[in-house]
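>>> Starting from these lines, generate the structure:
(chains A and B)
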Amino acid sequence: MAEQAFGGRAAGPPGRAPGPSGGAARPPLPSPGELLRRRHLLAQNVPLVVAVALLVAILVIYVVLYLVSIGSFPGAFEAASITDHAVPLSLAAVGQTVVVLTRGIDLSVGGMMDMTNALAALHLHGGLGPEILWTAIIMAIGAAGGALNGLLVAYGRVQPILVTLGTLSIFQGMALWILPSPGGHISSAYTGFFLNPGVPSALIYVVILGLGWSAFRRSRLGVDIYAVGNDEAAARANSVPVLRAKVLAYVLGGTLTAAAGIALATTTTGGDATGGDVFTLSSIAAAVVGGVSLFGGRGSAVGAMCGAFVLTVLVDVLFFANIDPLFQPFYQGLFLVLAVGASTLLGRYLIRRRR
Amino acid sequence: MSSSTQPRATGGLRAAMNPDRRKILYGYAGAVALFVLGDILKPGFASASGVQQILQVSSFVGLVAAGQTFVILVGGIDLSVPWVLNSAAIVMSAVAAGSGGGMTLGIVLALVFGLVCGLANGLGIVLLGVPAVVMTLGMNGMVQGLILGVTHGLTCGGCGAPAPTALNTLMNGKTAGIDTSLLIWLGIIIVVSFVLSFTSFGRRVYAVGNSERVSYLAGVNVKLVTIVLYSLSGVFAAVAGVALAGFGGSATLGMGDPYLFQSIAAVVIGGTYILGGRGHYLGTVAGAIVLVTLVSVLLSQNAANYLRDIVYGAVILVILLLYGRQRGEA
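Here you go, the predicted structure:
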């Protein structure tokens, strides 16, 4: 079990392997033991490898389709458009990942994004002071909502899927109460700080999230969360504070979801109390495409963000492939099932070969 | 464990009242209490026609939740319910309208459509090893895209989807003074309950839900049972779609959306354990009635939408805290 918990830490090397720059300077003769170790790593991180490969593949397809239909390479504007659309989903997917790692699931993501999106549209303007203050307040509300989920799961001992089903409804109601009809606005200074229509500057947040994650998974809490997701009974037996880890996972998830709500408000520069609903399911889809196991203990934020970008680029690919937008959900659904199915089957195959 | 510590003074009755059955009774008691509350708040709420109306609305939730009960009993879940329901309704209406009164054909094709969707879910979960959440979520998207694309979003001239009038009259009619749709639901309740309680298939469902491994070792064809249950869930979603279109007079886009969370909530409020192995359709029926009655009470008080959502969520949480808790230190 410990091997699984820490196996994810070594996700870097095999994850980067299919990238464009890898493989230049290999040691000439790896020992048999070294080869075996590499294959173990690969087998353990198949979902992440698949996620990165998917991202590379879909980006290539996107560029080719763009080249064919427009006649030039996509530029900074296209990159910025994709990034700006992918950042809210990335944040939500990472929030979902933290919770899923504990073998939970957060269906209230949609409601929390509704609520924070509505609050952002109502308050994020009128000068630097109020904007910073309200950003903090909104994030705190996300943390509080997450704490509610976490306490009900950990101390109430109710199944996560049911707790968050209930809080989803509550958060959705509160969003409608806060912002009964779509409206509000976000100051352009605030939006400009986060997004830039000409340059994919929002990639900074993806990098920050990635760096934050690598610190998190080495932290006490990170290790605890992976341990709880891998085997709760064993974690408890090894004096991991299971309840604390669970509650904090939901708090962290809620906070990230609140950030996603703010990001969503900046991309749409307005608020809609139902605009976040789709993120419940799309955050799960992004995490799963990114190789996060719904059975807990496996996966990473890097994978989840890959998943979010894959799903975002997929929409553009379908657009440039001249697919009737009405058919779009069909291809998205098919893609989700095939991606996860392929990853599962490949994992099984590698594990079988390992024996 | 707890039963051995209790005195067995009342013998048969107490033995028959295990915690699972008690939960189901609480469900019905809760429904009755809600009707009484509604009648106090708004006299006439619990009149014969009022009750029948609420039960009628509950029947649609109850039909979807029949399939959901099946898959949750083996620890699965079916998120493809909204668009399987919606698509079945559209298939039924389109076929019946296109072939000039081919209502039977339309209904049969709609049910076959539901069966195929459910079968695909089951095969994907069992053979591809895709988690149920992902498989059924993907299926929901696939069905939605297919139906929207093929019907052009119901915007073309000939593809409006009014339900056949015969079905409309049937679903809104009365037989022996009781709404026909309720009698249909009653029939389904009896069949489903019988299958769960008195057939070997029902026993297998509970066995698989309690432990796939042990069931497999005991010779249960776990894969087959799982596939059959997902197929049934598709069929029940389709039945609900046909019934709903018949009742409302037409198939509309998005008609299935509310039924995803409602069906899951009904199953859970009815005392079925979300990880499988324990629960019964009779509980789900109570859960469906409680949910719909609760919403009706709030509606009768002209509660704002947002308040309705909040109360709805809070009530689900309170019910879960009261009896949906797992034992500690599992």
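>>> Leaving out the residues flanking it, which one is nearest to residue A:236?
residue A:242 (5.1 Å; Cβ to Cβ, 6 or more residues apart in numbering or on different chains). C-betas here are computed from N, CA, C, even on glycine.
>>> hang on, the one you found packs against residue A:234?
No: contact between residue A:242 and residue A:234 fails when scored by Cβ atoms under 8 Å: they sit 10.3 Å apart.
>>> Which one's more surrounded, these two?
Set side by side, residue A:242 and residue A:234 show more neighbours around residue A:242, with 18 against 14, by other Cβ atoms under 10 Å in any protein chain shown.
>>> While we're on that one, how confident is the model there?
Looking at residue A:242, its pLDDT is 92.
>>> check contacts around it.
Neighbouring residues of residue A:242 by Cβ atoms under 8 Å, 6 or more residues apart in numbering or on different chains: A:154, A:224, A:228, A:232, A:235-236.
>>> swap in residue B:118?
Residue B:118 is in contact with B:67, B:78, B:84, B:230-235, B:237, counting by Cβ under 8 Å, 6+ apart.
>>> Quick test: name the residue nearest the centre of the chain.
Assuming you mean chain A. residue A:93 (2.2 Å; Cα atoms, centre = their mean).
>>> Chain B, not that one
Nearest residue to the geometric centre of chain B (Cα atoms, centre = their mean): residue B:65, 1.2 Å.
>>> so that one, which of the three states?
helix (DSSP: H, G, I helix; E, B strand; the rest coil).
>>> I'd say it and residue B:282 touch.
No: judged on Cβ under 8 Å, residue B:65 makes no contact with residue B:282 at a distance of 11.6 Å.
>>> anything in contact with each of the two?
residue B:270.
>>> Mind jotting down where the strands sit in the stretch 251-355 of chain A?
Counting by DSSP state E, counting those that start in this stretch, the stretch 251-355 of chain A has no strands to list.
>>> in it, which segments are predicted with low confidence?
Applying pLDDT under 70 to the stretch 251-355 of chain A picks out residues A:353-355.
>>> Chain B contacts on that one?
Counting by Cβ under 8 Å from any Cβ of the partner chain, the stretch 251-355 of chain A comes close to chain B at A:281, A:284-285, A:288, A:294-295, A:324, A:326-337, A:340-341, A:344-345, A:348.
>>> coming back round to it: centre of the chain versus the helix or strand harbouring the residue nearest to the centre of chain A, how much separation?
Residue A:93 is part of helix A:76-101, with elements assigned from DSSP states H and E. Distance, stretch centre to chain centre, for helix A:76-101: 6 Å (Cα atoms, centre = their mean, to the nearest Å).
>>> Cross-check the contact I'm expecting between the residue nearest to the centre of chain A and residue A:310.
No: using Cβ under 8 Å, residue A:93 is not in contact with residue A:310; the gap is 10.6 Å.
>>> any common contacting residues for those two?
What both residue A:93 and residue A:310 touch, as defined by Cβ under 8 Å, 6+ apart, is the set A:286, A:290.
>>> need the contact list for residue A:87.
Contact partners of residue A:87, counting by Cβ under 8 Å, 6+ apart, are A:202, A:205-206, A:263, A:267.
>>> and the stretch 101-250 of chain A, which residues reach chain B?
A:105, A:152, A:156-159, A:161-163, A:165-177, A:180, A:233.
>>> Whichever of these end up buried, select them in PyMOL.
Paste this into PyMOL to select the buried members of those, with burial taken from 16 or more other Cβ atoms under 10 Å in any protein chain shown:
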select buried, chain A and resi 105+152+156+157+158+159+161+162+163+165+166+167+168+169+170+171+172+173+174+175+176+177
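>>> Can you list which of the residues of the stretch 101-250 of chain A next to chain B are found in helices?
A:152, A:161-163, A:165-177, A:233 (DSSP state H).
>>> Noted, bye for now.
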